[in-house]
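Q: the sequence isn't on hand, but the structure is:
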């Protein structure tokens, strides 16, 4: 059902979101109720020994017909095997050793059953972690739905009087306002949606000024064309961030390789800038493909609205199931263009450097690559950046020269020796300044540079 004010359509959408949210919550509860019972392993060992060894013994009836002494001994050995991981002859009572004519067979069978139980526990731990990762993702979806429902049910940002004023101003620009909607996102960022009917070609700058004056904030139209053609148009205006970032990159492949195994990315979802650097295991085409898949998966989850921590948890769960000698390392820098706060996430990556006021800070985040530990978490470090501060991310190939103390060089000294605020120039000079071997680079090298700048004209 359609409505000129859109109230009925909004109510219907809100109810649909509530039903979807409730369904996800039920799924989380069902998943939490189902769990693996590891205490069943010792019972499995006991039953297997009796079925596969003891029942073949000619004295089976005699042993298990007595007051349960033999059964108690086997249960004791099964529990000991589960606790210690092994059982020796000294752990068995002398009476049982003398009495049991299949004692050697029992010890051999117990050895193999112990290995099976160990493998089972490993898979149980992995399955438990995967279940936790899925539940965390479902919980994040519930939180996002709660935010959407709250925004849709929140009081209107524009009152009737202000909407009338905006409509009059837009009419002077040759645009009829059908509908207006304002939403507040992360960190208080304002987004305004306009449903317009343009009678003639409109000027984007004029529309931006009208919306900015009405909101008392500097708003920017997401349509980048300076002129907007006539007709029905739905435009989005986003509050401008106080900061912007200039970006530069440089890379070189290992000697003898035609392609660099490192992969990098720079995306801007809303008022946040995400820098990513994945260092593939080894070099060449195979390393490039593994690091590219990692970056593409991470980007897709971030652009879908998933928080960085949850995206890394989900990637880790996927890496647990992959085979191979190693996993690519990942470094991430999430910069808030509204506050200047940057968060560094590391999963096996090299050091990150922050340059400000003629000083260099090395942020070393000791972490384990994705997919190696059941409960691994990426190391997180936060810093506040100001106008002109610089972030430098490098792959481990850029730091190999520090392993040779005779050279007397450090990355800090090299960074302080480069005097430019141009991000691309800085990246190119840094790649050339780091010492290399006589016949080429020993490993792939990648440099990412981001400089934070404060906008001069803000409302």
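A: Perfect, thanks for sending it. Computed from a predicted model, the values in this text were never measured in an experiment.
Q: going forward, measure contacts and count neighbours with C-alpha atoms only.
A: Noted.
Q: with residue 100 as the reference, measure out to the residue of the chain positioned farthest from its centre.
A: Farthest-out residue of the chain from its mean C-alpha position, per Cα atoms, centre = their mean: residue 62, at 61.5 Å. Relative to residue 100, residue 62 is positioned 11 Å away (Cα to Cα, to the nearest Å).
Q: now do residue 216
A: 90 Å.
Q: neighbour count: those two, which is higher?
A: residue 100 (17 against 10; other Cα atoms under 10 Å).
Q: tell me the pLDDT of that one.
A: Looking at residue 100, its pLDDT is 80.
Q: equivalent analysis for residue 191, please.
A: 82.
Q: who does the helix or strand containing it pair up with?
A: Using DSSP states H and E, residue 191 sits within strand 190-198. Strand 190-198 has its sheet partners listed here by DSSP bridges as strand 175-184 (antiparallel), strand 231-239 (antiparallel).
Q: got JSON lines for those, with distance to residue 302, mean neighbour count and mean pLDDT too?
A: Shown next, in JSON lines, are the strands paired with strand 190-198 (distance: least, Cα to Cα, whole Å; neighbours: other Cα atoms under 10 Å; pLDDT from 0 to 100):
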{"stretch": "strand 175-184", "distance to residue 302": "19", "mean neighbour count": "18", "mean pLDDT": "83"}
{"stretch": "strand 231-239", "distance to residue 302": "19", "mean neighbour count": "17", "mean pLDDT": "85"}
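Q: for residue 105, find the nearest of the ones you listed.
A: Closest approach to residue 105 among the strands paired with strand 190-198 is made by strand 175-184 (71.3 Å; Cα to Cα).
Q: hmm, who's touching that closest one?
A: Strand 175-184 is contacted from outside by 5, 151, 156-158, 163, 167, 170-171, 190-200, 202, using Cα atoms under 8 Å, 6 or more residues apart in numbering.
Q: again, 6 Å this time
A: Strand 175-184 has contacts (Cα atoms under 6 Å, 6 or more residues apart in numbering) with 157, 167, 190, 191, 192, 193, 194, 195, 196, 197, 198.
Q: am I right that the first one is in a helix?
A: No: the assignment for residue 157 by DSSP: H, G, I helix; E, B strand; the rest coil gives coil, which leaves it out of any helix.
Q: what pairs with the residue lying closest to it once chain neighbours are set aside across the strands?
A: Once flanking residues are discounted, residue 157 sits nearest to residue 182: 6.0 Å by Cα to Cα, 6 or more residues apart in numbering. Residue 182 has the following beta-bridge partners by DSSP bridges: residue 192.
Q: what about residue 182, distance to residue 82?
A: For residue 182, the distance to residue 82 - Cα to Cα - is 61 Å.
Q: now do residue 53
A: 19 Å.
Q: in terms of neighbours, single out the busier of these two.
A: A count of neighbours by other Cα under 10 Å puts residue 82 above the other of residue 53 and residue 82, at 19 against 16.
Q: mean confidence for the helix or strand where the more buried one lies?
A: For residue 82, the element it lies in under DSSP H and E is helix 69-84. For helix 69-84, the mean pLDDT works out to 74.
Q: which strands or helices does that helix pack on?
A: helix 40-52 (3 or more Cα pairs under 6 Å, 6 or more residues apart in numbering; DSSP states H and E).
Q: residues making contact with the helix it packs on?
A: Residues contacting helix 40-52 (Cα under 6 Å, 6+ apart): 75, 78, 79.
Q: how deep is residue 157 tucked in, by neighbour count?
A: 16.
Q: oops, could you answer that again for residue 145 instead?
A: Neighbour count of residue 145, defined by other Cα under 10 Å: 17.
Q: nice, that's everything, thank you.
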